[in-house]
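J.: Sequence plus predicted model, see below.
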Amino acid sequence: AVEVQWEIAADEGFRTILQSGKALATPQLGHSVHVEVNGLNPETWYWYRFHCGDATSRTGRTRTMPISTALPSQLRFAFASCQHYETGLYTAYEHMAKEPLDLVLHLGDYIYEYAGIDERVRKHAGKEIVSLEDYRTRYAQYRLDTHLQTMHSLCPWAVVWDDHEFDNNCAGDVSEEANVSRDDYLLRRANAYQAYYESMPLRRSALPTGPDMILYRTIDFGRLARFEMLDTRQYRTDQPNGDGLKPLEGDVLNPNATLLGQQQERWLMAELLRSRASWNVLAQQIMMARVDRDPAQEARFSMDQWAGYDVARKRLLSFLETRRVPNPVVLTGDIHSNWANDLKVDFDSEQSPVVAAEFVGTSISSGGNGTQSPKGQAEMLAQNPFVKFQNAERGYVSCTVTPKEWKSDYQVVEYVDKPGAPLINRASFVVEAGQRGLQKA
Ligand code: FE
Ligand code: CA
């Protein structure tokens, strides 16, 4: 165990140190420290650093949230997902670092579990990760990226995982591979979750217990926005009818199929009813719009997304509608493409009202160099009129939120296989408070 000193200052040069203390970095937690500091002022920038032995860390900057009763005039944040280290550079973060942001949300696939593959932009160290040591090494490798380091040092991050922090398309305690025992699978999950806790800016309340870790939580930005950070992987029932693209039949319509699990779903509904926020944000992983992904033939939907759990999807959207949750906005990652969707309870009915807006953000690097118009895009848009925009370039989404208006800017780069791609604002969409439906800005 090693003693680490921490300092919080009111200025970048540490002329006014406001608080300091000692924390013990233990080998049991990979020599990570998670310092929780109380007594700071709301809506204020602070700088922090660590000393250990004769070493001093680089300086980080963070910002406290407004008090719960305040109505701030504006929030600026970005959301990101899917940063496969091998398939591209983090040019998107290099650009994000130049935006004046209060907060970054990461919606999952912070790492990928796969073995290193030759002749890619970069290479994972080692084989597919399974042990605690493997997962720790993978986070360490990703964190060596200087653009990622810089973005972490500029403002607070709120993180939730998707599947690749553990295993591709994982669902509850069921392995994607048929030959893995439940015990081995949960042991691997314990390793994955512990390394995630160690590496991420999370509080003690998220400390895992074996293969379980409570990651879902509420983050209030005063009364302007309430973020419900959701975990759609740990508690879900297995993908119905297997994975992949399937029609809406059989177990897709099983009323017991769940993405959030009963406990998280009840918690979410209670938090939404208690909310006094202008904007109620579900920050989560998988697409909620029920998009027909195979418009050329009979309708088929992704079984790994909300479409594969249609009763749960309808229950949540009906709840938002009937309980009049103010200005619901869904933020999504996972599928390495940008989408702007109007969400409805019944996507088959023209009369069914728009209930919420969904902004799906593309990957930082996963998938490599992208494209503006993936194959079949025109047919997909014609078949799914509630989809207002789609694009499969790399990047992130930058949001400007005021009490009156939500604006999402789709920020993209045209390539990630070499450095220096300029930032392009490919599209912007607006939601007016109290109004239904997306408008192109
Ligand atoms: Fe991904
Ligand atoms: Ca994913």
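T.: The structure has been received and is ready for your questions. Quantities reported herein were computed from a predicted structural model and do not represent experimental measurements. Numbers count the residues shown, from 1 in each chain. Ligands and ions are numbered 1, 2, ... in the order given.
J.: how far away is residue 385 from ligand 2?
T.: 26 Å (C-beta to the ion, to the nearest Å). Heads up, the C-betas are built off the backbone N, CA and C, glycines and all.
J.: Tell me how many other residues crowd that residue.
T.: Neighbours of residue 385 under the rule other C-beta atoms under 10 Å: 10.
J.: just the one 10 residues further on next, same as before
T.: One way to gauge burial is a neighbour count; for residue 395, by other C-beta under 10 Å, it gives 31.
J.: quick one, what contacts the closest residue to residue 186 other than its chain neighbours?
T.: Spatial nearest neighbour of residue 186, excluding adjacent residues (C-beta to C-beta, 6 or more residues apart in numbering): residue 211 at 4.2 Å. Counting by C-beta atoms under 8 Å, 6 or more residues apart in numbering, residue 211 makes contact with 173, 186-187, 189-190, 193.
J.: Now the residue nearest the centre of the chain: phi and psi?
T.: The C-alpha lying nearest the average C-alpha coordinate of the chain belongs to residue 107 (C-alpha atoms, centre = their mean; 0.6 Å). Dihedral pair for residue 107: phi -100, psi 10, per degrees, to the nearest 10.
J.: sorry, back to before: could you single out the nearest of the contacts of residue 211 to residue 66?
T.: residue 193 (30.9 Å; C-beta to C-beta).
J.: wait, is that closest one part of a strand?
T.: No: the assignment for residue 193, made by DSSP: H, G, I helix; E, B strand; the rest coil, is helix rather than a strand.
J.: before we move on, which element is the nearest residue to residue 134 once chain neighbours are set aside in?
T.: Using C-beta to C-beta, 6+ apart and skipping the chain neighbours, the partner closest in space to residue 134 is residue 126 (6.4 Å). Per DSSP states H and E: residue 126 is located in neither a helix nor a strand.
J.: which residues in the stretch 1-150 of the chain form helices?
T.: 91-96, 132-143, 146-154 (DSSP state H, counting those that start in this stretch).
J.: Distance to residue 16 added to those, as CSV?
T.: Output for the helices of the stretch 1-150 of the chain, formatted as CSV (distance: least, C-beta to C-beta, whole Å):
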stretch, distance to residue 16
helix 91-96, 29
helix 132-143, 29
helix 146-154, 19
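J.: Return the most buried member of these.
T.: helix 91-96 (a mean of 24; mean count of other C-beta atoms under 10 Å).
J.: How far away from the center of its chain is that helix?
T.: Chain-centre distance of helix 91-96: 17 Å, with C-alpha atoms, centre = their mean, to the nearest Å.
J.: Who are the packing partners of it?
T.: The helices and strands touching helix 91-96, judged by 3 or more C-beta pairs under 8 Å, 6 or more residues apart in numbering; DSSP states H and E, are strand 75-80, helix 146-154, strand 394-401, strand 405-413.
J.: Need the contact partners of that helix.
T.: Residues contacting helix 91-96 (C-beta under 8 Å, 6+ apart): 78, 80, 104, 145, 147-148, 150-151, 364-365, 394-396, 398, 411, 413, 416, 419-421, 423.
J.: need the residues of the protein near ligand 2, please.
T.: Residues of the chain lying near ligand 2 by C-beta under 5 Å from the ion: 109, 162-163, 334.
J.: who touches residue 49 in this structure?
T.: So residue 49 contacts 6-7, 14, 56-60 (C-beta under 8 Å, 6+ apart).
J.: Tell me, what's the model's pLDDT at residue 172?
T.: Residue 172 is assigned 88 on the pLDDT scale.
J.: tell me, how many neighbours does it end up with?
T.: Neighbours around residue 172, by other C-beta under 10 Å: 14.
J.: check contacts around it.
T.: 233-238.
J.: Tell me the one of the residues you listed nearest ligand 1?
T.: residue 233 (12.2 Å; C-beta to the ion).
J.: Get me the contact residues on this protein for ligand 1.
T.: 82, 109, 366.
J.: Please indicate which of those residues has the highest neighbour count?
T.: residue 82 (27 neighbours).
J.: What about residue 130, how many residues nearby?
T.: Using other C-beta under 10 Å, residue 130 has 15 neighbouring residues.
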